[in-house]
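Q: need a structure here:
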Amino acid sequence: MSKWVSVHEKKAFLLWFLENHRLKKADARRLLEVLIKHFHILENVHFTDELKPNRKTVVISSINSDEIGFKYYQSGRVYEEVAMAYNEITNNPTEPVYLLLHFYGKLNNQRYLHLIENKIIDNIRRYEYYEKVAKQAEEILEGSLSANKKEILLHQIDKALDEKNEELFQQLVKQLQNYI
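A: Numbers count the residues shown, from 1 in each chain. Have a look, this model is predicted:
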């Protein structure tokens, strides 16, 4: 699943992340700073919350996380050296890189949740959107049906008056009061 996020949004989030979180590995900070400075690389960075070991995936953790400080996955191999990831990413700037960040409060951080490519969260957002649209559509339909029934009752009341049918007129007026 691919989701487009602007380079500006990615950069703003990474700047915020570096400003507010201390990383377990200082070299990882330098790697993120390189990503921030080079928009053509950052353009191919995809935030994720799922480990993708067969793709270029960088895992970085803050000191408040229980996860390991840094790991780099590429083609099924795992590296713990930031330099390996740095060289691979800067030498191949057009290849996609997945970035998995571990920090305290990430599941409540709306900026982060907006950036990540996560099927579950996207499905929840899609469900909430469709529920909202369905509710609005239902309200419109109910309003339309109500207006239509009201119009029919008014027509029947006019007909009852024309025919001087007082009993039918009273019944229809009672029904009409439900729509007013």
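
Q: now the strands for the protein?
A: Remark: strands assigned in the chain by DSSP state E are 45-47, 57-61, 70-74, 77-79, 97-102.

Q: Domain ranges for this structure, per the record?
A: Following automatic domain parsing, one gets these domains for the chain: 7-117, 136-177.

Q: would you list these in a markdown table and tack on mean pLDDT, distance to Tyr129 and mean neighbour count?
A: Yep, even glycine has a C-beta here, placed from its N, CA and C like the rest. Output for those, formatted as a markdown table (pLDDT from 0 to 100; distance: least, CB to CB, whole Å; neighbours: other CB atoms under 10 Å):
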| stretch | mean pLDDT | distance to Tyr129 | mean neighbour count |
| --- | --- | --- | --- |
| domain 7-117 | 91 | 14 | 16 |
| domain 136-177 | 89 | 11 | 12 |
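
Q: can I get those domains in CSV with distance to Tyr127?
A: Converted to CSV, the domains of the chain look like this (distance: least, CB to CB, whole Å):
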stretch, distance to Tyr127
domain 7-117, 15
domain 136-177, 15
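
Q: ok, and the closest non-adjacent residue to Glu81?
A: Closest residue in space to Glu81, ignoring its immediate chain neighbours: Tyr72 at 7.5 Å, by CB to CB, 6 or more residues apart in numbering.

Q: can you pull the contacts of the one you found?
A: Tyr72 makes contacts with 56-59, 78-82, 84-85, 88, as judged by CB atoms under 8 Å, 6 or more residues apart in numbering.

Q: Which member of the residues you listed is positioned nearest Lys150?
A: Using CB to CB, Thr57 comes nearest to Lys150 of those, at 60.8 Å.

Q: That closest one touches Thr48, doesn't it?
A: Yes. In this structure Thr57 lies within contact range of Thr48 using CB atoms under 8 Å: 7.4 Å.

Q: Find residues that contact each of those two.
A: Here Thr57 and Thr48 have 98-100 as joint contacts, going by CB under 8 Å, 6+ apart.

Q: got those as JSON lines, with distance to Asp27 columns?
A: Listed next are the shared contacts of Thr57 and Thr48 as JSON lines, based on distance: CB to CB, whole Å:
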{"residue": "Tyr98", "distance to Asp27": "19"}
{"residue": "Leu99", "distance to Asp27": "15"}
{"residue": "Leu100", "distance to Asp27": "17"}
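
Q: Closest to Leu31 out of those?
A: Nearest to Leu31 among the shared contacts of Thr57 and Thr48 is Leu99, at 9.7 Å by CB to CB.

Q: Touching, the closest one and Phe47? I think so.
A: Yes. Between Leu99 and Phe47 there is a contact under CB under 8 Å: 5.4 Å.
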